[in-house]
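**Q** below is the sequence, then the predicted model.
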Amino acid sequence: MPIKNESSTRFMDEIRIISPWAFLLVILGYLAAIAALVIANLSRKSPFPLAAMVPMAIVGGTFVGCYFLLIGYVNRDAGRRGMSRLAWTLLAILIPNALGIVLYFVLRKPRIAICPQCGASLEPGFGFCPGCRYRLNPVCLKCQRAVHAGDKFCPYCGSDLGAGANEVVQGAGSAGKSSGF
Ligand SMILES: [Zn+2]
Ligand SMILES: [Zn+2]
């Protein structure tokens, strides 16, 4: 199941970019919810019994926590896409009903990749680095168009990828690994 593995590590990579303060806020949010619960019960102003308040606090805490984590994600993700981190973080916080976050995911630019060899910025779909001609994706050796790693024949010109494909695929694999941050 290599595909499943890859997507789960990608998901973990996405989680990892969220800064620690966002996780801290989530913990603080939970603590605040529990504190509010205890205070409400101690002062006997609680409109609901404790048994009903506990799940409410957990659901509320999770909801608010996800909101904070998404803001933390927007804050970091905007940076690696060449967008203003400050502006998008503020929009995510200030636009009500999480619409700023939705807007961010609709409008965000593709991620900027860096050439593992020379550090030039790469746009998605590039087959070669414009700075040093480093091969980024497997390409057909005859027509130079991008092909998929497992392809036996070029889908564009029909040439046999058999002999050169292994070399091409290996090059692409290492490029993907080192540029996949
Ligand atoms: Zn390069
Ligand atoms: Zn071709």
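**A** Yep, it's here. Numbering: from 1, shown residues only. Ligands and ions are numbered 1, 2, ... in the order given.
**Q** ligand 2 contacts on this structure?
**A** By CB under 5 Å from the ion, the part of the chain that sits against ligand 2 consists of 140, 142-143, 154, 156-157. Glycine gets a C-beta too; all of them are placed from N, C-alpha and C.
**Q** a markdown table for the residues you listed, including neighbour count, distance to residue 43 and secondary structure?
**A** Formatted as a markdown table, the residues of the chain next to ligand 2 follow (neighbours: other CB atoms under 10 Å; distance: CB to CB, whole Å; DSSP: H, G, I helix; E, B strand; the rest coil):
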| residue | neighbour count | distance to residue 43 | secondary structure |
| --- | --- | --- | --- |
| 140 | 23 | 73 | coil |
| 142 | 14 | 78 | coil |
| 143 | 12 | 75 | coil |
| 154 | 20 | 74 | coil |
| 156 | 13 | 73 | coil |
| 157 | 11 | 77 | coil |
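**Q** so which two of those are the farthest from each other?
**A** Using CB to CB, the residues of the chain next to ligand 2 span at most 9.1 Å, a distance reached by 142 and 156.
**Q** which of the residues of the chain next to ligand 2 sits closest to ligand 1?
**A** Distances from ligand 1 to those, taken as CB to the ion, are shortest for residue 140 (20.6 Å).
**Q** so the closest one makes contact with residue 156?
**A** Yes: between residue 140 and residue 156 there is a contact under CB atoms under 8 Å: 6.6 Å.
**Q** overlap in contacts, the two.
**A** Residues within reach of residue 140 and of residue 156 at once, by CB atoms under 8 Å, 6 or more residues apart in numbering, are residue 147.
**Q** next, the contact list for the closest residue in space to residue 134 that isn't next to it in sequence, please.
**A** Nearest-residue entry for residue 134: residue 117, 4.3 Å, with adjacent residues in sequence omitted and distances by CB to CB, 6 or more residues apart in numbering. Residue 117 makes contacts with 129, 132, 134, as judged by CB under 8 Å, 6+ apart.
**Q** let's have those residues in CSV, adding pLDDT, secondary structure and distance to residue 78.
**A** Shown next, in CSV, are the contacts of residue 117 (pLDDT from 0 to 100; DSSP: H, G, I helix; E, B strand; the rest coil; distance: CB to CB, whole Å):
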residue, pLDDT, secondary structure, distance to residue 78
129, 88, coil, 24
132, 93, coil, 28
134, 87, coil, 27
